[in-house]
Each structure stands twice: as structure tokens, then as C-alpha cells.
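Peer 1: Structure for this input, please:
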Amino acid sequence: MWMVDTNVLVYAADRRSPFHERCRVQVEQWRMGPAPVFLGWNICYEFLRVVTHPKVFVQPWSMPAAWGFIDALRRSRGFQWLEPTPRHGAVLAQTLGELPTLVGNDAHDLHTTVLMREHGISRICTRDAGFARYAFLTVVDPLAVP
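Peer 2: Numbers count the residues shown, from 1 in each chain. This is a model prediction of the structure:
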């Protein structure tokens, strides 16, 4: 079981990325697979922001097209959605106590890690090396996933 980070989805969607084919195949395998792979709404919103942004994509997607990509994942059997639990605030406080130097843009990854932690998920598939600062996580490079 693991969480999939935004960048893996963006690479799967971006035909110009050198990581496109590998990530696209991996996302499709997860979508059809029996073992649950997890996403959070924060990751979905970040995906929508990135793929529709004209300064990020040469040919940005429309918001409906980007939502169609996410909705296909949402409706597939392989992906499950993490929602905050009543423990979310306590887990956030614990994590901030362990990493008091987090600032600014770290908040997005913090949200992802707190969701994971409160649901007992310790592996994240990402190319973002910033997740390595969370001692309770195992970071898995999507290009190394079998």
C-alpha cells in the first residue's frame, strides 16, 4: 500500500516528460490492480493546478480534461481516497513537533504526510526528494517500481 504523489500523475499526463511512459504505464497498472493505491484530494487539486497552468505546460489542459483524468482514477478499482479523520489535528501537531522547521510550500507535502500517517500508510511513490525528511515514510521512486 502506498500513496501516489502529484508529480507521478503529472508525468503520466505529460507526453513531453521523459518520465511520461513509465509513469503512465505504472498509473494504469495501479488503476486496474487489486491492491489499493491511495490519493488525497490535496494531490488532486495540485494536479489540476499544475496541468492547467500555462507557465508549466506548453499546451495546458483544460480544467474539464484535467478533472477527467482524476475522475477516471477516482472511479477505478485500484485507487482509494484518503480523507482526514477526527485525529487529523493531533497527527498534524505530532508531525509539526517532529519537524518544526517546515515552512511555506512544505505545507502541501505536510498535508499529504499527515493524511498518510493517520491512515497507517508509510510508503509514498514520488520523485520529490523532500519527502525523505519525514522519518516515518519510505520514499519510492516511480521509475524504480517493478
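Peer 1: Quickly find the element holding Phe38.
Peer 2: Using DSSP states H and E, the element containing Phe38 is strand 37-40.
Peer 1: Report all helices and strands that that strand contacts.
Peer 2: strand 2-4, strand 79-82, helix 106-118 (3 or more Cβ pairs under 8 Å, 6 or more residues apart in numbering; DSSP states H and E). Any C-beta I mention is one placed from the backbone N, CA and C, and that applies to glycine too.
Peer 1: neighbours around Gln94, how many?
Peer 2: 14 (other Cβ atoms under 10 Å).
Peer 1: what secondary structure does it sit in?
Peer 2: helix (DSSP: H, G, I helix; E, B strand; the rest coil).
Peer 1: Setting the sequence-adjacent residues aside, check what's closest to it.
Peer 2: In this structure, Gln94 finds its nearest non-sequential neighbour in Arg117, 7.9 Å apart by Cβ to Cβ, 6 or more residues apart in numbering.
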